[in-house]
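Chemist: coordinates only, sequence not included:
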C-alpha cells in the first residue's frame, strides 16, 4: 500500500530503504503483538529479525519524516502496551484501540510516504478513501475479536455506511478525472462490502484463514491492481 501511495500521488519512486523499513517495522510489530502466544514458536525470531531490519533500513534512509515516525511510534506503543502491562481499561478501550490501529495504518501507508505533498482536493479524496478502506477492514477484525455484544453490533452496523462512503468517494475520484483508479476503487469497494456482509452474518464461525485471505488480501489486491495499471499504461 506504501508503493500504491507513491503511484497514485505521482510522487516518484522513494528510496528502497523506505519501503524496506515499512516492511520490517510491520513484521516486527505484528509478531511482537503475539510474542506471548503459545500457539506458534516463531514470533520471537521474527520480531528480532524485524527489529534488526527496521534499524538497518532506517539508518540507510536518505530522508526520514521524523514527525510521522515519532507519531507512528507513539501510537504503536500505545497499541502494544496491553501485551506487556496490565492496567484497568475504560469501557470504551476497545474503540480507542481500533482508532489507534486505523491511524497507524493510514499514517504509515499514506502520510509517511508523502510528508511534503501538496494538499489539494485530489490528495484529500485519496487520503479519505484510504481512511475509509482501512477503517472498514479494521472494523471487520474488531467484529471478530470483540466480546462485548453491544459493541459488536455497533461495529456491524458501522460497516454499511463505511461501504457507502467508500463508493461515494470513489465516484468523486472519478469526477476528478482518475477513471482507472476510480474503477479499481469501486471494484474494491464492492468486494469489501461483499466480504463485509459475509463476516457480519457469520462472524462467530468465520475462519482465521478467511480473514487473512480475504480481509487482509483486499489491501494487497488493490495495490496489485494499481501497480498493474501503471505497468500497462507505461
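Modeler: Structure received. Because the structure is predicted, anything quoted here is derived from the model rather than measured. Numbering: from 1, shown residues only.

Chemist: in this structure, which helix has the most residues?
Modeler: Counting by DSSP state H, the longest helix found in the chain is helix 149-175.

Chemist: Need the nearest residue in space to residue 176, chain neighbours excluded.
Modeler: The shortest distance from residue 176 to any non-neighbouring residue, by CB to CB, 6 or more residues apart in numbering, is to residue 122 (5.5 Å). For the C-beta atoms, the positions are set from N, CA and C on the backbone; glycine is no exception.

Chemist: Buried residues in the helix or strand following the longest helix of the chain, which are they?
Modeler: Toward the C-terminus, helix 149-175 is succeeded by helix 179-201 as the next helix or strand (DSSP states H and E). Within helix 179-201, the residues scored as buried using 16 or more other CB atoms under 10 Å are 181-182, 184-186, 188-189, 192-193, 195-196, 199-200.

Chemist: who touches residue 79 in this structure?
Modeler: Contact analysis of residue 79 by CB atoms under 8 Å, 6 or more residues apart in numbering lists 33, 97, 100-101, 104.

Chemist: oh, I was asking about residue 54
Modeler: Residue 54 neighbours (CB under 8 Å, 6+ apart): 21, 24-25, 28.

Chemist: Of those residues, just say which sits nearest to residue 62.
Modeler: Nearest to residue 62, judged by CB to CB, of the contacts of residue 54 is residue 21 at 11.7 Å.

Chemist: Tally up the residues packed near the closest one, please.
Modeler: Residue 21 is flanked by 25 other residues according to other CB atoms under 10 Å.

Chemist: Mind listing what's buried along the helix or strand containing it?
Modeler: Using DSSP H and E, residue 21 sits in helix 16-33. By 16+ other CB under 10 Å, the buried positions in helix 16-33 come out as 17-22, 24-29, 31-33.

Chemist: same thing with stretch 93-112?
Modeler: Under the neighbour-count criterion of 16+ other CB under 10 Å, stretch 93-112 has 94, 97-98, 100-112 buried.

Chemist: pLDDT on the longest helix of the chain, on average?
Modeler: Across helix 149-175, the average pLDDT comes to 93.

Chemist: How about stretch 127-146?
Modeler: 92.

Chemist: Let me see the residues that make contact with it.
Modeler: Contacts with stretch 127-146, where a contact means CB under 8 Å, 6+ apart, come from 1, 5, 94, 98, 101-102, 105-106, 109-111, 151-152, 155-156, 158-159, 162-163, 165-166, 169-170, 173, 185, 188-189, 192, 195-196, 199-200, 203, 206, 211, 215-216, 218-219, 222.

Chemist: same question, stretch 7-18
Modeler: So stretch 7-18 is contacted by 2, 5-6, 57-58, 60-63, 113-114, 117, 123, 126, 178, 181, 226-227, 230 (CB under 8 Å, 6+ apart).

Chemist: any weak-confidence spans in the protein?
Modeler: 203-206, 208, 234 (pLDDT under 70).

Chemist: Kindly recompute the last result at 90.
Modeler: 10-15, 30-44, 63-64, 80-95, 113-119, 141-153, 155, 177, 194-217, 229-234 (pLDDT under 90).

Chemist: How about the spatially most central residue of it: what's its closest non-neighbour residue?
Modeler: The C-alpha lying nearest the average C-alpha coordinate of the chain belongs to residue 105 (CA atoms, centre = their mean; 3.9 Å). In this structure, residue 105 finds its nearest non-sequential neighbour in residue 134, 4.5 Å apart by CB to CB, 6+ apart.
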